[in-house]
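K.L.:
Output the structure for:
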Amino acid sequence: MKKKVVAVLLTAVMTMGTLVGCGGKTLAEQQGGTDAAAAAETTEGAATEGAAAQDSTAAMADASEVSGTEVTFWHSMGGVNGEAIDYLVKKFNDENKLGIKVTAQYQGEYDDSLNKLKSAQIGNMGADLVQVYEIGTRFMMDSGWIVPMQDLIDADSYDTSAIEPNLAAYYTIDGKQYSMPFNSSTPIMYYNKDMFAKAGITEVPNRLEAIGEVGQQLVDKGGAGEAISMGIYGWFFEQLISEQGLQYADNGNGRDAAATAVAFDENGAAKNILTAWKSLSESGLAPNVGKGGDAGLADFSAGKSAITLGSTASLKQILQDVNNKFEVGTAYFPKVASSDKGGVSIGGASLWALNNNDPKKLRATWELVKFLLSAESQAYWNAQTGYFPVTTAAHEEQVFKDNIAKYPQFQTAIDQLHDSAPEYAGALLSVFPEARATVESEIESLLNGKEDVDAAVKNMADSINKSIADYNEVNS
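P.N.:
Next comes the predicted model:
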């Protein structure tokens, strides 16, 4: 693996990265612009050594040998989510019989963790376990810094049958699972049941074209100021492609081999989405509410819009903000048209084991991962955060059952996940962070009347393809 691989990838991640399902800012936004090329320069030496380290089999000590071992866990969960992680780590420290001590360290948004890794030295990465957002998957695979989770799974004969297959599928390439899903989410539709009842609408629309059919009724009779408040978000665009059963990129969505170009322009996926979106916008049913996954939530919670789209992890916040002013309903994320036969992919983040060339630390890290994936831990995590339980065994925990009883709307997310399939896991793209930013900018221009659908699709494809080509040329 060449030095330039990580340099190019890190440049893309740090300058354009966005936080899925959590409303985080990019590193560039936080710092007012970052000289990512210079940052990547400092990464090359460590990355090259890391590639060599990853090419060899990483040794993992026996559990009996790890007493006194300390490991560091970098995460990007703030607020109540961070408190939940702190609780779980403390519980592990108090209860594990192996003498392992874990220190959890909040690193800010996901981009910040990657930024810190850039200056790491192999054998002293600063962390042993790190949480990385899903669009950083290709970067982490190529970085040379990690020990694939599959190696640890195989070495410990760990039973993965309880892991949700549609969650594990995203992080599995060529039959190898590279990381462990941890805080996973899917997007769903939130709707105002009171407005629907007032408008006399008994069937919740399950596609964009159907929202157009009932939208005016929601405004005229239901009292909505706008039918749907839909944030301009690259993740939603990707989901609408998956819902069509089509692919974002070539080479099997970048899973059979590294992508060389997008596919959404030639297979019609993007045009289908933008045509339906523009129609809703021009009719006044879906005004431009801004960029980001949370951009449409405020209008919905305030009772202005009848429908919004958001992460499953937003459920508790929405219910809190609505504060019983109206009844919140949930439904599957909409398709584009009735003929669509695809399913949803996931967002959120996963856990990556870093290769510090220390067999004891690797074993201790693996013991922590297993604890975090336990049914008890996952039921607690779901109840506290709204993220999916990674393991189906968590469904049998009383904490999970009580949470579903209290928030029955979350059952929609579980049913939707189970009704999807691994083939809709989503694309892997080396330049995904900047690709998302490009998609969002072009959709914004479309909705603002600065270009038509065909121009927007072409501009998306041309810009992203150039980024892919530049990456591939550097690493040819």
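K.L.:
show me what contacts the residue nearest to the spatial centre of the chain?
P.N.:
The C-alpha lying nearest the average C-alpha coordinate of the chain belongs to Gly347 (CA atoms, centre = their mean; 2.2 Å). Contacts for Gly347 (CB atoms under 8 Å, 6 or more residues apart in numbering) come out as 20-21, 133-134, 184-187, 235, 311. C-beta here means a position set from N, CA and C on the backbone, and glycine is covered the same way.
K.L.:
mind redoing it with 10 Å?
P.N.:
By CB atoms under 10 Å, 6 or more residues apart in numbering, the residues touching Gly347 are 19-22, 133-135, 170, 183-187, 235, 238-239, 293, 311-313, 387, 426.
K.L.:
Equivalent analysis for Leu372, please.
P.N.:
73, 85, 88-89, 92, 129, 180, 182, 351, 378, 381, 390.
K.L.:
Could you rerun that using 7 Å?
P.N.:
88, 182 (CB atoms under 7 Å, 6 or more residues apart in numbering).
K.L.:
now swap in Lys176 and tell me
P.N.:
Taking CB under 7 Å, 6+ apart as the test, what Lys176 contacts is 148, 150.
K.L.:
how about the strands in the stretch 301-450 of the chain?
P.N.:
305-311, 328-332, 347-354 (DSSP state E, counting those that start in this stretch).
K.L.:
Tell me which other helices or strands the shortest one touches.
P.N.:
The helices and strands touching strand 328-332, judged by 3 or more CB pairs under 7 Å, 6 or more residues apart in numbering; DSSP states H and E, are strand 187-192, helix 315-322, helix 410-419.
K.L.:
where does Tyr191 sit relative to Ser305, distance-wise?
P.N.:
9 Å (CB to CB, to the nearest Å).
K.L.:
before we move on, back to that, what sits opposite the residue nearest to the centre of the chain in the beta ladder?
P.N.:
Gly347 has these beta-bridge partners by DSSP bridges: Ser185.
K.L.:
Can you say which of the helices and strands packed on strand 328-332 is nearest to Asn166?
P.N.:
helix 410-419 (5.5 Å; CB to CB).
K.L.:
With adjacent residues omitted, what lies nearest to Lys198?
P.N.:
Once flanking residues are discounted, Lys198 sits nearest to Gly222: 4.8 Å by CB to CB, 6 or more residues apart in numbering.
K.L.:
Pretty sure that neighbour sits against Ala306.
P.N.:
Yes: counting by CB atoms under 7 Å, Ala306 is a contact partner of Gly222 at 5.8 Å.
K.L.:
Compare the two (neighbour count), which wins?
P.N.:
Ala306 (33 against 21; other CB atoms under 10 Å).
K.L.:
Show the pLDDT at the more buried one.
P.N.:
On pLDDT, Ala306 comes in at 98.
K.L.:
In contact with it, which residues?
P.N.:
Contact partners of Ala306, counting by CB under 7 Å, 6+ apart, are 191-192, 195-196, 218, 222, 224, 227-228.
K.L.:
can you redo these as CSV with distance to Arg363?
P.N.:
Output for those, formatted as CSV (distance: CB to CB, whole Å):
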residue, distance to Arg363
Tyr191, 48
Asn192, 51
Met195, 55
Phe196, 54
Leu218, 56
Gly222, 58
Ala224, 56
Ala227, 54
Ile228, 50
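K.L.:
List the contacts of the helix or strand Gln131 falls within.
P.N.:
Assigned by DSSP states H and E, Gln131 belongs to strand 129-133. Outside strand 129-133, the residues that touch it by CB under 7 Å, 6+ apart are 19-20, 71, 73-76, 110, 113, 140, 182, 349-354, 365, 368-369.
K.L.:
quick one: low-confidence parts of the chain?
P.N.:
Low-confidence segments of the chain, defined by pLDDT under 70: 1-57, 121-123, 475-476.
K.L.:
Tell me which stretches of the stretch 101-250 of the chain form strands.
P.N.:
So, for the stretch 101-250 of the chain - with DSSP E, counting those that start in this stretch - the strands run 101-106, 129-133, 146-147, 172-173, 176-177, 180-185, 187-192, 226-229.
K.L.:
right, so of the ones you listed, which gets closest to Ala261?
P.N.:
Closest to Ala261 of the strands of the stretch 101-250 of the chain, according to CB to CB: strand 172-173, at 18.9 Å.
K.L.:
and the end-to-end length of stretch 178-187?
P.N.:
23 Å (CA to CA, to the nearest Å).
K.L.:
so how far is it off the chain centroid?
P.N.:
7 Å (CA atoms, centre = their mean, to the nearest Å).
K.L.:
How about stretch 415-435?
P.N.:
9 Å.
K.L.:
Okay, buried residues for it please.
P.N.:
Of all the residues in stretch 415-435, those buried under the rule 16 or more other CB atoms under 10 Å are 416-417, 420, 424-435.
K.L.:
Same question for stretch 83-95.
P.N.:
Buried, per 16+ other CB under 10 Å, within stretch 83-95: 84-85, 88-89, 92.
K.L.:
Out of those residues, the closest to Val322 would be?
P.N.:
Ala84 (22.7 Å).
K.L.:
Please name the residues that touch that closest one.
P.N.:
381, 384-385.
K.L.:
Just give me how far the helix or strand where it lies sits from the chain centre.
P.N.:
Assessed by DSSP H and E, Ala84 sits inside helix 79-95. Put simply, helix 79-95 sits 22 Å off its chain's centre (CA atoms, centre = their mean).
K.L.:
Between helix 315-322 and that helix, find me the angle.
P.N.:
140 degrees (axes from the mean of the first three to the mean of the last three CA atoms, to 10 degrees).
K.L.:
CA atoms only: put helix 79-95 into CSV for me.
P.N.:
Only the C-alpha atoms of helix 79-95 are listed here, as CSV (Å, rounded to 0.1, in the frame of the first residue of the first chain):
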residue,chain,number,x,y,z
GLY,A,79,-24.3,14.4,26.0
VAL,A,80,-26.6,11.5,27.1
ASN,A,81,-24.9,9.2,24.6
GLY,A,82,-21.5,9.9,26.2
GLU,A,83,-23.0,9.3,29.6
ALA,A,84,-24.2,5.9,28.4
ILE,A,85,-20.8,5.0,27.2
ASP,A,86,-19.2,6.1,30.5
TYR,A,87,-21.7,3.9,32.3
LEU,A,88,-20.9,0.8,30.2
VAL,A,89,-17.2,1.3,30.5
LYS,A,90,-17.4,1.7,34.3
LYS,A,91,-19.6,-1.4,34.5
PHE,A,92,-16.9,-3.3,32.5
ASN,A,93,-14.1,-2.1,34.7
ASP,A,94,-16.0,-3.0,37.8
GLU,A,95,-17.2,-6.4,36.7
